[in-house]
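1. Sequence unavailable; structure follows:
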């Protein structure tokens, strides 16, 4: 079971999140039939989305993270709620690229130069939107930069996806550490030193470490207190009723031209890649429901 934990340390000077997301990322890979580099990119952002979503307070709150880049993957979109549900897609899921100079999947090369946007819909009139440039396109560093510049919260974000030889997902997960205002200098230096020598998240997960033991390794000497454990999963809330509403909203003229084609129409959900088919008769019934 995929899950994440939330924790505090150093008497509230640090808040921390850690997750293992192998099943979640593998579900996304199957749904979108993503190439290895697209799986890695989408998997990292889904993992971040799950943890960042859990930072929101309200039952109905929604977080969307969008990356738009000039690289061949073009972009990623991920949406998460506060309860550990997350969904998302890569704009070009089949992109193939050679490995980068470290011999790793070249997520930065796939995304290229671009913009990261974080949209928080927390029940206010307008959603809160924060934007930064992509610093590396490797996603974790970009989110670290986003927190520093848009939310003035010094953070350390680590995300990783490790693939099997058959291109299924072997390991996936990540952590986010955030310093609260007034964190002591000495403690920050100690933490920076530890982070410098920490192996990658996927190495730790592959060694059998759990989200708890990863945070224990980083914050165990700082009175780590785990406050919450939350199941996380790839979940799309689309259904035929929602798609019907969307079709009704496009208006009579559009529906009429679909009906005039006299062929069933297939509507695809970007987030989970599920197709919904509407017969001509169903389209005619929907047209009756539109405002004349």
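-> Okay, I see it. The model shown is predicted, which means the values in this text are computed figures rather than measured ones. Residues are numbered from 1 along each chain as shown.
2. Would you mind giving the secondary structure of residue 79?
-> Assigned state for residue 79: strand (three-state reduction, DSSP: H, G, I helix; E, B strand; the rest coil).
3. Now do the helices for the chain: every range, in order, please.
-> Listed in chain order, the helices of the chain (DSSP state H) span 22-32, 36-53, 107-111, 140-150, 185-196, 201-206, 211-219, 240-249, 252-260, 280-289.
4. Among those, show me which one is buried the most.
-> helix 36-53 (a mean of 28; mean count of other Cβ atoms under 10 Å). Using the backbone N, CA and C atoms, a C-beta is placed for each residue, glycine as well.
5. quick one, it and helix 22-32 angle?
-> In terms of direction (axes from the mean of the first three to the mean of the last three Cα atoms, to 10 degrees), helix 36-53 departs from helix 22-32 by 130 degrees.
6. which one of the helices of the chain lies closest to residue 11?
-> helix 185-196 (10.1 Å; Cβ to Cβ).
7. relative to helix 211-219, how tilted is that closest one?
-> Orientation check (the same axes, to 10 degrees): helix 185-196 against helix 211-219 gives 130 degrees.
8. Helix 185-196: how far from the chain's middle?
-> Between the centre of helix 185-196 and the centre of its chain there are 27 Å (Cα atoms, centre = their mean, to the nearest Å).
9. same thing with stretch 57-73?
-> Worked out by Cα atoms, centre = their mean, stretch 57-73 lies 7 Å from the chain centre.
10. before we move on, back to that, export the helices of the chain to JSON lines and tack on mean pLDDT and distance to residue 271?
-> Listed next are these as JSON lines, based on pLDDT from 0 to 100; distance: least, Cβ to Cβ, whole Å:
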{"stretch": "helix 22-32", "mean pLDDT": "97", "distance to residue 271": "9"}
{"stretch": "helix 36-53", "mean pLDDT": "96", "distance to residue 271": "11"}
{"stretch": "helix 107-111", "mean pLDDT": "93", "distance to residue 271": "19"}
{"stretch": "helix 140-150", "mean pLDDT": "93", "distance to residue 271": "20"}
{"stretch": "helix 185-196", "mean pLDDT": "85", "distance to residue 271": "33"}
{"stretch": "helix 201-206", "mean pLDDT": "95", "distance to residue 271": "25"}
{"stretch": "helix 211-219", "mean pLDDT": "95", "distance to residue 271": "25"}
{"stretch": "helix 240-249", "mean pLDDT": "86", "distance to residue 271": "11"}
{"stretch": "helix 252-260", "mean pLDDT": "85", "distance to residue 271": "22"}
{"stretch": "helix 280-289", "mean pLDDT": "84", "distance to residue 271": "22"}
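11. Format these as JSON lines; extra columns: distance to residue 91.
-> Formatted as JSON lines, the helices of the chain follow (distance: least, Cβ to Cβ, whole Å):
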{"stretch": "helix 22-32", "distance to residue 91": "11"}
{"stretch": "helix 36-53", "distance to residue 91": "9"}
{"stretch": "helix 107-111", "distance to residue 91": "10"}
{"stretch": "helix 140-150", "distance to residue 91": "17"}
{"stretch": "helix 185-196", "distance to residue 91": "32"}
{"stretch": "helix 201-206", "distance to residue 91": "24"}
{"stretch": "helix 211-219", "distance to residue 91": "30"}
{"stretch": "helix 240-249", "distance to residue 91": "20"}
{"stretch": "helix 252-260", "distance to residue 91": "24"}
{"stretch": "helix 280-289", "distance to residue 91": "28"}
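12. Relative to residue 74, which of the ones you listed is closest?
-> Using Cβ to Cβ, the nearest of the helices of the chain to residue 74 is helix 107-111, at 8.6 Å.
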